[in-house]
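Visitor: Got a sequence here, can you build the structure:
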Amino acid sequence: MVEKLSITEPLSNYIVGDQAARLPDQVVERAKIHILDTFGAMISGSQLKPGTVAIEFVRGQGGPAQATIVATNLRTSAILAALANAMTAHADETDDAHFPTVTHPGSVILPAALAVAELRRRSGRELIHAFVLGYDVMCRINKAFDRGWMGKRGLHAGSLCAVFGVAATASRLLGLNAEQARHALALAGTQASGINTWRQDPEHIDKALCFSGASARNGVSAALMAEAGFTGTATVFEGEENFFKAFSDNAHPEETIKELGSRYELLDTSIKKYPAGQPMQATLEGYFRLVRENRLDGKQIRKITVRLPETQARTINDRHMPDVNCQYMLAVAMLDGNIDFQNSHDFARMHEPQVLELKKRVEIIADAELTKVFPAVRPAIVEIDTNDGGHFKILIDRVPGAPYNPLSAAEVEEKFRLLSAPVLGEQRSKAIIESARNLENLTDLAGLAAQSAL
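Guide: This next block holds a predicted model:
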């Protein structure tokens, strides 16, 4: 029974204790890479509508100059900074993705961590510890739920659980004690929210708020409230009325603290090679490998067939957003010979006659066998038929950037440069890359925040 488990107390003790700071070198290095990657998503996302709307909303709210809004001249409260930067981080689909839970932890954890770290002048090493902690708490609580059961009822588990990851991150950076951390978790539960109506928003604004913005804002609020003396239940996860009972009939709460401190959810999180949605990664990799290895000309392609797991096939089948529209992305790949941030986010180009004609050559098929290995593996089978009768086929089951095939630090730095330089300039982008390389030695995160401001 849920009531007999002890979860909240050991989790709170871990959040504020020394063990969360004893990270293996491998985890520290991966954390630095994910922090830089998410920074890039925040900077590029500041130029897209979900980001610009969030920034202007926050600008109108005012607030004390506690934390920086990335890629702007604006400073505001830590709570509002967390909201705006989280929405810019998930303004499109450039941010990282946790494979087991199909969530985007970087876009919610880092903006909150940066806001509180800047507010309290924390060090780079303290940021790393809190960042990894946020992934561990957010993703473990996600694993504890029956996400399929919740999804059928319109509940978005990722958003509901992310607020706890943020509360844990903020509690550690604020230096709360274990009792205050328990209150912060309870206050986060009170503010937990997330429904799947974001699927019906064609502009990705509600999705950015649901996946990242609301949880970042509410989790930071919960920790600051606990610091200010707000109280809540000491048993938000196992009391008579508890979080798991409220949102699922089939939860496994023990997952919340399972192997905490010895297994790290960050290592099960992917970084995207291409500036597109995660379901597009294997497809694009397969297309470009076939073109490169067989010296194909996009103009000579008669048909492209893409086989994907059922969920991913549905997600990218002629969607309204260019970077998650498989037909559009492959049409542009045939025309341009590459995919970059500009052509993957060009809404106007989706309606050009040449693009519309090439989209007709793309067929998407939900493949039952590929569905069996999802979400642990995100595969695609890509087939290309050419006008001269050629037929080429490839299976991509080790997509670059996946946890089992991670991108190198150099590859992530190049991705960051391509995303950030058009906004901040080459010199400032290089300075942020250097700061990320040396993050554990930075004594005050205010300097990093200043590098990202305009």
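Visitor: For residue 439, which non-adjacent residue is spatially closest?
Guide: Nearest non-adjacent residue to residue 439, counting by Cβ to Cβ, 6 or more residues apart in numbering: residue 124, 4.0 Å away. All C-beta atoms are positioned from the backbone trio N, CA, C, and that covers glycine.
Visitor: where does the one you found sit relative to residue 255, distance-wise?
Guide: Per Cβ to Cβ, to the nearest Å, residue 124 is found 30 Å from residue 255.
Visitor: Of those two, which one has the most company?
Guide: residue 124 (22 against 16; other Cβ atoms under 10 Å).
Visitor: pLDDT below threshold where in this structure?
Guide: For the chain, the stretches with pLDDT under 70 are 1-3.
Visitor: ok, 90 please
Guide: 1-5, 92-93, 199-200, 202, 239-240, 249, 277-279, 299, 320-321, 376 (pLDDT under 90).
Visitor: which residues touch the residue of it positioned farthest from its centre?
Guide: Most distant residue from the mean C-alpha position of the chain: residue 388, 42.1 Å away (Cα atoms, centre = their mean). Neighbouring residues of residue 388 by Cβ atoms under 8 Å, 6 or more residues apart in numbering: residue 300.
Visitor: and it, what are its phi and psi?
Guide: Main-chain dihedrals, residue 388, degrees, to the nearest 10: phi -90, psi 10.
Visitor: In whichever helix or strand residue 335 is part of, which of the residues would be classed as buried?
Guide: For residue 335, the host element (DSSP states H and E) is helix 326-336. Going by neighbour count (16 or more other Cβ atoms under 10 Å), the buried part of helix 326-336 is 326, 327, 328, 329, 330, 331, 332, 333, 334, 335.
Visitor: and which of these is nearest residue 131?
Guide: Nearest to residue 131, judged by Cβ to Cβ, of the buried residues of helix 326-336 is residue 329 at 30.6 Å.
Visitor: Can you tell me how far that closest one is from residue 318?
Guide: In terms of Cβ to Cβ, residue 329 sits 11 Å off from residue 318.
Visitor: Residue 376 too?
Guide: 27 Å.
Visitor: give me phi/psi at the most centrally placed residue in the chain?
Guide: For the chain, the residue nearest the mean C-alpha position is residue 104 (2.7 Å; Cα atoms, centre = their mean). Per-residue torsions, residue 104: phi -130, psi 80 (degrees, to the nearest 10).
Visitor: Verify the stated contact: it with residue 92.
Guide: No - using Cβ atoms under 8 Å, residue 104 is not in contact with residue 92; the gap is 11.0 Å.
Visitor: Report the contact partners of the closest residue to residue 346 other than its chain neighbours.
Guide: Excluding the flanking residues, the one nearest residue 346 by Cβ to Cβ, 6+ apart is residue 322, at 6.0 Å. Contact analysis of residue 322 by Cβ under 8 Å, 6+ apart lists 328, 329, 344, 345, 346, 347, 349, 350.
Visitor: try it again with 6 Å
Guide: Each residue near residue 322 by Cβ atoms under 6 Å, 6 or more residues apart in numbering is listed here: 328, 344, 345, 350.
Visitor: out of these, who's nearest residue 166?
Guide: Checking those against residue 166 by Cβ to Cβ gives residue 345 as the nearest, at 26.9 Å.
Visitor: check contacts around the closest one.
Guide: 322, 323.
Visitor: gap between it and residue 363?
Guide: 24 Å.
Visitor: same deal with residue 393?
Guide: When residue 393 is compared with residue 363 (using Cβ to Cβ), they lie 14 Å apart.
Visitor: Over to residue 243?
Guide: 43 Å.
Visitor: Those two: who's more crowded?
Guide: Higher neighbour count among residue 243 and residue 363: residue 243, with 31 against 13, using other Cβ under 10 Å.
Visitor: hang on, isn't residue 128 packed against residue 31?
Guide: Yes - the pair residue 128 / residue 31 is scored as a contact, 4.9 Å apart, by Cβ atoms under 6 Å.
Visitor: Tell me, how many residues neighbour the closest residue in space to residue 368 that isn't next to it in sequence?
Guide: Distances taken as Cβ to Cβ, 6+ apart put residue 310 closest to residue 368, at 7.7 Å, once the chain neighbours are dropped. Using other Cβ under 10 Å, residue 310 has 14 neighbouring residues.
Visitor: number of nearby residues for residue 304?
Guide: Residue 304: 25 neighbours (other Cβ under 10 Å).
Visitor: How about the contacts made by it?
Guide: By Cβ under 6 Å, 6+ apart, the neighbours of residue 304 are 330, 362, 384.
Visitor: what ranges do the strands span in this protein?
Guide: Under the criterion DSSP state E, the chain contains strands at 67-68, 75-76, 97-98, 269-270, 301-308, 362-366, 380-386, 391-396.
Visitor: Of those strands, which is nearest residue 8?
Guide: strand 97-98 (22.7 Å).
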